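Enquirer: The following comprises the amino acid sequence and a computationally predicted model.
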Amino acid sequence: MGHATGRPVTALEHGVEDGSAEGRPDRGLWIGLAMGAPVVAFGIVGLVHNSSVSRVWSVGFWAGGLLALHDAVIVPLVLAVVWAIGRIVPAVYRAPARFAVLGTALAVALAWPGLRTLGNPSHNPTVHPLDYGAALAWVVAAVWGTALVWTAVIVTRARSSTNPR
Amino acid sequence: MTTKLPTPRFTSRLHDERTAAFLGIALGAAFTTCFVTGLLSHVAQDPHPWFAWPTRPAGLYRFTQGLHVATGLAAIPLLLAKLWTVYPQLLQRPVVRSVAHGIERLAIVPLVAGSLFMLFTGFGNINLWYPWPFNFRTSHYWVAWITIGALVIHLGAKWSTTRRAVRHTDPDPDPDPDPDPAAEPARGDGLGRRGFLLAVGGAAAGITLFTVGQTVWPLRKLALLAPRRPDTGPQGFPVNRTAQAAGVERSAIDPAYRLTVEGAVRTPLSFSLAELRALPHHGATLPIACVEGWSASRTWQGIRVRELLARAGAREGATVRVESLQARFSYATSELTAAQADDVDTLLALRVEGEELHLDHGFPVRLIAPNRPGVEQTKWVTRLVVL
């Protein structure tokens, strides 16, 4: 099964590969399963053996919850942001604009515990020792600075391609 | 009567298998690095008979654990980008095409859920933020096995696809016979594959740049997103557990404080703080390297554990339990292997950088030994028990 690059693809076309292109259907999967399944089982048994039943359920709840949060909220949100930028920003600037917006979101997520003083129940002053609002501002400035440089490169290349001399 | 759902259409070229393959390779390398360094951290904290954690190089744990945390943080944009790239597969119909296809899809559930769980809990841990009710270390360790096992299954399933996608510089062996011009990305609209991969790599590099200074001293001023700064804290470096949190504020400064050496010894010993100060002191420059990924190197002065053991008449090759004044804490004691107890740089430190230890750094006496996790460098030491 081949996938095109640079052409539209559908979800169906993104079907899981089975190795049939090399004439050995599923061989890689079975080898991977033989090697990986015992490791998965070892992890599950270890988790169950070393935790109470409620804790195991709790781990499952959190893992499943994160999966659901990612698939049902974060990715659709990213798709919406990417789509909205495509509607608002001129085509030539879209890539750096998307980089800047998504990079900012990532930086905010990483700074969040410091911004909201999450955790650190014993109020250890050496945890989150910075002014994370100011620190985040510097990081966001770096992200947008990178996006601006990127934009400048795009514009310069576009001009040089239209004015070869 | 059944209703056939429309197949969603993803027009971006960035959802193709070549993009997914490159991201998958980077993510596989990152997760393997995290898994191996995580295992090393585990055995460094809980020595196993079949694996003796070495005392040298003194900064090995600092390196492996710093790498563990830095790689985990850098893996965040890699994972998000990879999942975004393959997101159309989530919506594919039919959901299952064959037994093999069903098994592969099933294995993706623990892989993705485990990956998100590992990165989220690891991120929470370095911030000392625990919004969940389960034990971090136990769950992080065992879910790592589940995730890496699922990764092995996924690697097997995707091996031939990945090889083909990476090898073919023109991965379009099956041109669309009826291309949809409206779906073709306009020139300059959005990212090409190379630009996308560069952007994701740049995000990973940026996160590393803004966090790795918590363990790489020259980059400490750039550690703007890190929860620690290696130059910030009492006596110029961080603390993981304060004296107040440990409940030793009074007992550590009690004039009746004594350090005892007991257990399998010929002559049990007991020292007041003044007597400890009068013993021969030695210096060692060693890192405090925390499991949360920060580290700081300092010059410590104190009494060699091996000299105390010799004075007490302990047998050669004995292991030693180091006990703290703090109570009801899983790391209130630690164990020195024979090699660690015998190392010339394993000290019961009373001073750091020429100053008496700050209370939060373990006053009056703390353990400092080469190549040990910070949590095992027991503070407020009151007893050595030779085993």
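Expert: Structure received.
Enquirer: Against which helices or strands is the one helix or strand residue A:156 maps to packed?
Expert: If you go by DSSP states H and E, residue A:156 is part of helix A:132-162. Under the contact criterion of 3 or more C-beta pairs under 8 Å, 6 or more residues apart in numbering or on different chains; DSSP states H and E, helix A:132-162 touches helix A:94-115, helix B:193-209. All C-beta spots, glycine's among them, are computed from the backbone N, C-alpha and C.
Enquirer: which residues make contact with the last one from outside it?
Expert: By C-beta atoms under 8 Å, 6 or more residues apart in numbering or on different chains, the residues outside helix B:193-209 that reach it are A:5, A:95, A:99, A:103, A:106, A:110, A:139, A:142-143, A:146, B:13-14, B:16, B:18-19, B:22-23, B:26, B:70, B:73-78, B:81, B:191, B:219, B:222, B:225.
Enquirer: Name the nearest residue to residue A:51, ignoring sequence neighbours.
Expert: Nearest residue to residue A:51, sequence neighbours excluded (C-beta to C-beta, 6 or more residues apart in numbering or on different chains): residue B:138, at 5.9 Å.
Enquirer: show me what contacts that neighbour?
Expert: Counted by C-beta under 8 Å, 6+ apart, residue B:138 has contacts A:47, A:50-51, A:55.
Enquirer: Select the longest helix from chain B.
Expert: helix B:136-167 (DSSP state H).
Enquirer: buried sites along that helix?
Expert: Residues of helix B:136-167 classed as buried by neighbour count (16 or more other C-beta atoms under 10 Å in any protein chain shown): B:137, B:139-162, B:164-165.
Enquirer: Isn't residue A:107 up against residue A:141?
Expert: No - contact criterion C-beta atoms under 8 Å: residue A:107 and residue A:141 do not qualify, at 10.2 Å.
Enquirer: who's in contact with the longest strand that chain B contains?
Expert: Selection of the longest strand in chain B by residue count, based on DSSP state E, yields strand B:295-304. Strand B:295-304 is contacted from outside by B:59, B:62, B:65-66, B:214-215, B:217, B:230-231, B:236-238, B:276, B:279-289, B:344, B:346-354, B:365, B:368, B:374, using C-beta under 8 Å, 6+ apart.
Enquirer: and chain A, which of these contact it?
Expert: Among the contacts of strand B:295-304, the residues within reach of chain A (C-beta under 8 Å from any C-beta of the partner chain) are residue B:238.
Enquirer: mind listing the helices for chain B?
Expert: Under DSSP H, chain B gives helices at B:17-45, B:60-85, B:87-90, B:99-126, B:136-167, B:193-209, B:243-246, B:273-278, B:305-312, B:338-342.
Enquirer: can you redo those helices as JSON lines with mean pLDDT?
Expert: Formatted as JSON lines, those follow (pLDDT from 0 to 100):
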{"stretch": "helix B:17-45", "mean pLDDT": "96"}
{"stretch": "helix B:60-85", "mean pLDDT": "97"}
{"stretch": "helix B:87-90", "mean pLDDT": "90"}
{"stretch": "helix B:99-126", "mean pLDDT": "96"}
{"stretch": "helix B:136-167", "mean pLDDT": "95"}
{"stretch": "helix B:193-209", "mean pLDDT": "95"}
{"stretch": "helix B:243-246", "mean pLDDT": "94"}
{"stretch": "helix B:273-278", "mean pLDDT": "98"}
{"stretch": "helix B:305-312", "mean pLDDT": "97"}
{"stretch": "helix B:338-342", "mean pLDDT": "96"}
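Enquirer: In a markdown table: those helices, plus distance to residue A:77.
Expert: Formatted as a markdown table, these follow (distance: least, C-beta to C-beta, whole Å):
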| stretch | distance to residue A:77 |
| --- | --- |
| helix B:17-45 | 20 |
| helix B:60-85 | 11 |
| helix B:87-90 | 12 |
| helix B:99-126 | 15 |
| helix B:136-167 | 25 |
| helix B:193-209 | 17 |
| helix B:243-246 | 38 |
| helix B:273-278 | 59 |
| helix B:305-312 | 55 |
| helix B:338-342 | 50 |
